[in-house]
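1. What shape does this take:
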Amino acid sequence: MFPSVGTLSPGFTYNNTDYTIYLDSSAATLSFGYSKEDLNAIVTGTEEMLIPDGTSTREIVVTAEDGTSIRTYTITVVKERISYIL
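-> Just a heads-up that it's a prediction; the model follows:
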């Protein structure tokens, strides 16, 4: 799994389900690319979405072909808030 902006921390491994991405204030959207070991698995939550300022959470859910084996990857997204100087 790889994000469209930023870098997963720690780097992606199948067995780890919790990640963090730190983004600067210029990042507007975030999506995820991936490659599947099981071509019949269903992956949801990877679509492009707006990134709110501050801390938010994305969940990517992988459902195996059998429909009962499910793995949820949680990504904490930390985006810098825009500072306005008056």
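
2. Can you give me the neighbour number for residue 32?
-> Neighbours of residue 32 under the rule other Cβ atoms under 10 Å: 21. Using the backbone N, CA and C atoms, a C-beta is placed for each residue, glycine as well.

3. Excluding chain neighbours, what is closest to it?
-> Leaving aside its sequence neighbours, residue 32 sits nearest to residue 46 (Cβ to Cβ, 6 or more residues apart in numbering; 4.1 Å).

4. mind checking the backbone torsions on the one you found?
-> phi -100, psi -10 (degrees, to the nearest 10).

5. mind checking pLDDT for it?
-> For residue 46, the model assigns a pLDDT of 97.

6. next one: residue 10
-> pLDDT, read off for residue 10, is 97.

7. same thing with the one 4 residues further on?
-> The predicted local confidence for residue 14 comes out at a pLDDT of 87.

8. show me what contacts it?
-> Residue 14 sits next to residue 37 when contact means Cβ atoms under 8 Å, 6 or more residues apart in numbering.

9. Verify the contact between the residue nearest to residue 32 and residue 34 for me.
-> Yes - if you go by Cβ atoms under 8 Å, residue 46 and residue 34 touch, sitting 6.3 Å apart.

10. shared neighbours of the two, anything?
-> 1, 60.

11. Same drill for those two, tell me which one is more crowded.
-> residue 46 (19 against 13).

12. can you tell me how far that one sits from residue 39?
-> Per Cβ to Cβ, to the nearest Å, residue 46 is found 16 Å from residue 39.

13. How about residue 72?
-> From residue 72 to residue 39 the distance is 20 Å (Cβ to Cβ).

14. In which helix or strand does the residue most central in space within the chain reside?
-> The structure's the chain has its C-alpha centroid closest to residue 75; by Cα atoms, centre = their mean the separation is 4.8 Å. Residue 75 belongs to strand 70-79 when assigned by DSSP states H and E.

15. Could you list the low-pLDDT ranges of the chain?
-> In the predicted model of the chain, residues 83-86 satisfy pLDDT under 70.
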